[in-house]
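Colleague: Sequence first, then the predicted structure:
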Amino acid sequence: MAEQQPPVKESSGHKKDSGTRVFKKTSPNGKITVYVGKRDFVDHVSEVDPIDGVILIDPTYFNKEGKEDRRVFVQLLAGFRYGREDLDVLGLSFRRDLVDERMLVYPPIEDPKPQLITMLQLRLLKKLGQNAYPFTFTLKPGLPSSVTLQPAQGSEVEKPCGVDFILRAYVAKNANDKIEKRNSVRLAIKKITHAPVSQTER
């Protein structure tokens with residue numbers, strides 16, 4: 001098995017590396033790991049903080065016989081849940097997807113327009129080595145921010161209503177294939193709104 005570059009060490013899911021907090025999560029089978037610098041992204045009215053991070057892969061897994069056609073995708077999913085989750089099994093869906101964006105991270109594609117790399121990504125790429133790949137999502141202004149409506153005390157509803165944002169990395173042959181839990185990483189993130197006194201104040 002090929003030697004991997006040492007990952008960023010963490011305590012309780014995050015650490016401070018040269019003043020930078022890094023969140024890390026690994027798939028159950030240990031083949032992909034997602035690193036992000038934060039989980040709260042601010043809407044500044046005219047623009048939204050980019051959702052950037054890095055994925056570290058285990059190259060030996062993708063070089064195995066029968067696994068050569070496996071790819072790594074990243075998905076940004078935003079949804080609005082306005083009803084009980086247990087009713088979904090009856091064919092009644094009370095969730096509406098607001099955003100469903102996916103991108104191919106590995107193998108990297110040759111893009112004539114070079115991807116902008118943030119300082120966080122640059123530091124992680126330098127530390128994690130050649131098996132790390134960056135990704136960036138840009139949200140359009142105007143999307144609702146993360147909101148949670150807590151159920152009443154004593155309610156049997158398992159999941160509260162509201163708007164949620166999910167960042168997911170997964171291994172599959174195609175972007176729209178069924179996502180296997182053992183081959184995926186799921187991170188809940190938040191979009192929050194900065195409300196300046198005036199439009200020009202940030």
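Modeller: Arrived safely. Residues are numbered from 1 along each chain as shown.
Colleague: Let me know the secondary structure of residue 123.
Modeller: For residue 123, the assignment made with DSSP: H, G, I helix; E, B strand; the rest coil gives helix.
Colleague: Give me the contact list for stretch 180-200.
Modeller: Contacts with stretch 180-200, where a contact means Cβ atoms under 8 Å, 6 or more residues apart in numbering, come from 23, 25-29, 31-34, 36, 39-45, 48, 51, 78, 139, 143-146, 164-172, 202. Any C-beta I mention is one placed from the backbone N, CA and C, and that applies to glycine too.
Colleague: What segments of this structure are strands?
Modeller: 14-17, 20-26, 32-36, 40-43, 51-57, 71-81, 95-106, 132-137, 147-149, 161-172, 184-193 (DSSP state E).
Colleague: Now the residue nearest the centre of the chain. Nearest residue, chain neighbours left out?
Modeller: By Cα atoms, centre = their mean, the mean C-alpha position of the chain lies nearest to residue 167, the distance being 2.4 Å. Setting aside the residues directly before and after it, residue 167 is nearest to residue 187 in space (Cβ to Cβ, 6 or more residues apart in numbering), at 4.5 Å.
Colleague: Just the pLDDT for that neighbour.
Modeller: Looking at residue 187, its pLDDT reads 91.
Colleague: Likewise for residue 172?
Modeller: pLDDT, read off for residue 172, is 92.
Colleague: Over to residue 48?
Modeller: 83.
Colleague: Excluding chain neighbours, give the residue nearest to it in space.
Modeller: residue 139 is the one closest to residue 48 (Cβ to Cβ, 6+ apart), at 4.3 Å.
Colleague: Kindly report the same for residue 38.
Modeller: residue 21 (6.9 Å).
Colleague: Bridge partners for that neighbour, pull those for me.
Modeller: residue 16 (DSSP bridges).
Colleague: what about it, distance to residue 36?
Modeller: 10 Å (Cβ to Cβ, to the nearest Å).
Colleague: Low-confidence ranges, this structure, go.
Modeller: For the chain, the stretches flagged by pLDDT under 70 are 1-20, 82-95, 112, 114, 151-160, 195-202.
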